[in-house]
Structures are given as structure tokens and as C-alpha cells.
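**Student:** predicted structure and sequence below. I'll ask about it afterward.
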Protein chains: 2
Amino acid sequence: MLDTPNLDRRAERYKATVAEIIQAAWELARAGGLAGLSLRELASKVGMRAPSLYSYFDSKNAIYDAMYAQGAREFLERETRLPFTGDPLEDLKTITHFFFDFSTEDPVRYQLLFQRSIPGFQPSPESFAISIKGLEVLRERLTAMGFNEPDMLDLVTAVGTGLTSQQISNDPGGDRWARLVDESVDMLINHLNRMKRRSER
Amino acid sequence: MLDTPNLDRRAERYKATVAEIIQAAWELARAGGLAGLSLRELASKVGMRAPSLYSYFDSKNAIYDAMYAQGAREFLERETRLPFTGDPLEDLKTITHFFFDFSTEDPVRYQLLFQRSIPGFQPSPESFAISIKGLEVLRERLTAMGFNEPDMLDLVTAVGTGLTSQQISNDPGGDRWARLVDESVDMLINHLNRMKRRSER
DNA sequence: GTCTATATTTGGATAGAC
DNA sequence: GTCTATCCAAATATAGAC
């Protein structure tokens, strides 16, 4: 049959258009805010009229969901590729820097993935599952370091989130809190060791 | 003259209506999100039609600004009344608990005051000045404890913000991060002392 | 100071021709 | 798959009568 290649090409073209739409959506969101994204603008940016988008996505929320899934996948892939050494201090620094950099390099993505502050939108279970895995990697890292209590994980995420959100809110584009990441991880490790000794008694 | 009492009463009635509108605005924002606040709904809640609100506020943003100012004033008043002892550890715990409790008891207020994530809205300089004073109290407290470097203040705000935002985002109404506040302040104090020793060398 | 009526803009989403 | 045309809903804000 000669049909199969044609079908393939059509499917590929379709997928490429989907990717182009998502890409344009990120750009508009970065420019005008996540909540400010409008379908008319989005369509116009990819050379379409608004109704044509519905050939690719069922709704506006479906677009947010695709963005969410892409962001979570990206996070997971980069996290998985991090070069861990086995040294607790170094490894916790690596993962904290990674979270900080990933978040601050695209605040809109941070908002969508980690603040879920967009009214009426919740990621689909499939998309959410991807981002659960991201936290799981951190949990496993901490366990490998001997820090396996839930409170320890919560403390680490609190510090990482705090540095990140202060950087984004109060010094966007700067390094006022970025400079404190290493320092904060030293602080954390010291304290996690104290917690560990305490719980071993 | 008999006019003055009447004028007073009118002015008081007017002020009372303004207060009632702001109160209703908070309630609607808590129910349907800060960005979701609509003038129709707001007017309806106080027994008016939307255009009548313009007798009290110039615009929707003026309403946000009044909410912001009220929240910042409330923060400052309660912060000023905190019972400080002079013991660094206790005092930092007091102020951190205060920030955490104030923020988590009303996440919408937290969002308006500390995340400024409402598109197109920026507090007026007068309103913003109130909230600057709030941070100033913390700075003075830290200075009184001998922790007077900017990095130390930034580290403290990062930890406070992180605990708070994790609590609000990932365990609303619960106490998963609330239970870590004392622990985190211990951690902070230990580290601030290390920083101090380091900088004294 | 409050109303009705309306201007104006904008949004998401659908119907149906091509 | 894309379009035009349209629906429908909602928003902020203004004009002008009372």
C-alpha cells in the first residue's frame, strides 16, 4: 500500500501544528500572563482564526493541560539527567540549584506547574502523575542520603520553594536569592543531620 | 449651626458603606478567587447595582488598593503588638509564627499582599509604604539580635515564605508545614550564628 | 447616591459552508 | 481543517434621568 506514508505524514504535520500552538501559547503567557492567554490571540500568532484551534484542542483548559504536561516532562527529564555523586551535600546542592534554576528561568512555567493558581484549571491525572514523579526523585535522593522522614522532605521543599518564590517575586532577573542557595543547603544539611541524630536516639 | 452634625453623619454613613463594600469584596474574593471578583456580584452583595459602586471607588483597581491597604495595616498593627522578649530565638519564633499564621489564615490576603499576582494591579505608593514598614519591623528585630546583614534578612524571609507557601499550596487548612516552623527557626538561628561568626573573623 | 440603559470590549465556544 | 458568522456570557465603565 502507498497510503501508509501519507497517513504518517498527515499525523506528523498534525503533531507539528500542535507543538507550534503550545510553543506560541508559552510565548503569549510569558508576555501577558498565564491567565491572560486568549484563544483569539493564540490563533492569530500561529496564523489561524480562533475556531480552528478546536481541531487541535477541545478547550482552553486542554491547552493549559498540554502546557502543564510539557513542563512537567521537561522537569522530569532534566532532573533525571542530573549528575549525582553520592556525596549528600553535593547532591542536595545539585538538586536544589536545579529546582531553583528551572523555576526562575521561566516564572510562568513555575506558576503553572508549582503554584497551580490558574482559576478553573486543574491538570489531568495523567499530567499530574508526571509531576509527582519529579518530587519522587527528590525523595529518593534524600532517602539515599539517610534522610528518609517525611518532615525532612517537607523542610527541603519549603526552603527550595522559599528561595525560588522570593527570587521571582522580589528580584526578578536578579540573583539576590540565587546567591543564597549554597548557603541554604549547608544550613539544611546541618539541620537534617541534627534531626537524624535526634531520631536515632 | 445645625449643619455640622448632619455633615458628620453623612460622612460617617459614607465611610460605613465603603467599609461594607470592602468587607464584601474580601468575602467574594475568598469564595471565588481574587481575580474573579466582579463588580456586579460585589454590588449585588451590598444591595446595589454595579454603577453605584462608582460613587465610592473610581475603578476596580481602587477597590483592590483599598483591600491591600487594609490588609497591610492589619499586618502592621498586629506585628507591632507582638510580645518580644529580647531572647533572639524566642523573638524570631514569635515573628515567624506571626507571619505564617497571618498568611495561612487568609490565603487570598496573602496572595494580594505578598504575591502581587493580580494582573494589572499595583498598590498605590501610599498603600505600598504601609507594607514596607512591615518588613522593616523584621529587619529591626534581626538587627537587635545582632543579625544585621542583608543576606541574613533575605534568608529569613525565604524560609518564612517557603513554609507559608507550601502550607497554602499543598496542605490548605492543614498543619503539615505549620509543625515545622519552630524547627525551621532553630535551624535558622543556628545558621545565622554561624554566618555571624564567619563575618566577624 | 442610586438607578436604568447602554457603550464597549472581550472572552470561549459552536454551526455550518467550503 | 479552516473559514465566516454568530451565539452567549461576562466584564468594566459611562450617560443621564430621578
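**Tutor:** Ah, there it is.

**Student:** which single residue in chain A comes nearest to chain B?
**Tutor:** residue A:162 (2.3 Å; C-beta to the nearest C-beta). From N, CA and C alone the C-beta is placed, and that goes for glycine too.

**Student:** point out the residues in chain A that sit beside chain B.
**Tutor:** Proximity of chain A to chain B, by C-beta under 8 Å from any C-beta of the partner chain, involves residues A:33, A:35-36, A:111, A:114-117, A:119, A:151, A:154-155, A:157-163, A:165-166, A:169, A:176-177, A:179-180, A:183-184, A:186-188, A:190-191, A:195.

**Student:** go again using 6 Å as the cut-off
**Tutor:** Taking C-beta under 6 Å from any C-beta of the partner chain, the part of chain A that reaches chain B is made up of A:33, A:36, A:119, A:155, A:158-159, A:161-163, A:165-166, A:177, A:180, A:187, A:191.

**Student:** just give me the closest of those residues to residue B:63.
**Tutor:** The nearest member of the residues of chain A next to chain B to residue B:63, counting by C-beta to C-beta, is residue A:119 at 18.2 Å.

**Student:** ok, that closest one - contacts?
**Tutor:** Shown in contact with residue A:119 (C-beta atoms under 6 Å, 6 or more residues apart in numbering or on different chains): B:33, B:36.

**Student:** checking it next. Helix, strand or coil?
**Tutor:** Judged by DSSP: H, G, I helix; E, B strand; the rest coil, the three-state class of residue A:119 is coil.

**Student:** tally of neighbours for residue A:144?
**Tutor:** Residue A:144 is flanked by 13 other residues according to other C-beta atoms under 10 Å in any protein chain shown.

**Student:** do residue A:154 as well
**Tutor:** Residues lying near residue A:154 (other C-beta under 10 Å) number 20.

**Student:** what is the worst-scoring helix or strand of chain A on mean pLDDT packed up against?
**Tutor:** None of the helices or strands of chain A scores lower by mean pLDDT, DSSP states H and E than helix A:3-32, at a mean of 90. In this structure, helix A:3-32 packs against helix A:39-45, helix A:60-80, with contacts taken as 3 or more C-beta pairs under 6 Å, 6 or more residues apart in numbering or on different chains; DSSP states H and E.

**Student:** run through the neighbouring helices and strands of the longest one.
**Tutor:** Going back to what we said before, that points to helix A:60-80. helix A:3-32, helix A:125-144.

**Student:** and the least confident of the residues of chain A next to chain B?
**Tutor:** Within the set of the residues of chain A next to chain B, pLDDT is lowest for residue A:119 (79).

**Student:** which phi and psi does that one have?
**Tutor:** In terms of degrees, to the nearest 10, the main-chain angles of residue A:119 are phi -60, psi 130.

**Student:** can you check residue A:48 too?
**Tutor:** Phi and psi for residue A:48, reported as degrees, to the nearest 10, are phi -130, psi 180.

**Student:** what of the one 3 residues further on?
**Tutor:** Torsion angles at residue A:51 (phi, psi; degrees, to the nearest 10) stand at phi -60, psi -30.

**Student:** so for it, what's the nearest residue that isn't a sequence neighbour?
**Tutor:** Of all residues not flanking residue A:51 in the chain, residue A:43 sits nearest, at 8.0 Å (C-beta to C-beta, 6 or more residues apart in numbering or on different chains).

**Student:** isn't that neighbour up against residue A:50?
**Tutor:** Yes. The pair residue A:43 / residue A:50 is scored as a contact, 4.5 Å apart, by C-beta atoms under 6 Å.

**Student:** ok, how many other residues are close to residue A:34?
**Tutor:** So residue A:34, with other C-beta under 10 Å, has 23 neighbours.

**Student:** helix or strand for it, which one?
**Tutor:** Under DSSP states H and E, no helix or strand contains residue A:34.

**Student:** if we can go back for a sec, what about the least confident helix or strand of chain A, near DNA strand D?
**Tutor:** Yes. Residues of helix A:3-32 contacting DNA strand D under C-beta under 7 Å from any atom of the strand: A:10, A:14, A:17.

**Student:** which residue, neighbours along the chain excluded, lies closest to the residue of chain A closest to chain B?
**Tutor:** Spatial nearest neighbour of residue A:162, chain neighbours left out: residue B:162 (2.3 Å); criterion: C-beta to C-beta, 6+ apart.

**Student:** residues contacting the one you found?
**Tutor:** Residue B:162 sits in contact with A:158, A:159, A:161, A:162, where contact means C-beta under 6 Å, 6+ apart.

**Student:** per-domain residue ranges of chain A.
**Tutor:** Chain A resolves into domains spanning A:1-57, A:60-200 when parsed by automatic domain parsing.

**Student:** of these, which stretch is the most buried?
**Tutor:** Ranked by mean neighbour count under mean count of other C-beta atoms under 10 Å in any protein chain shown, these are led by domain A:60-200, which reaches a mean of 17.
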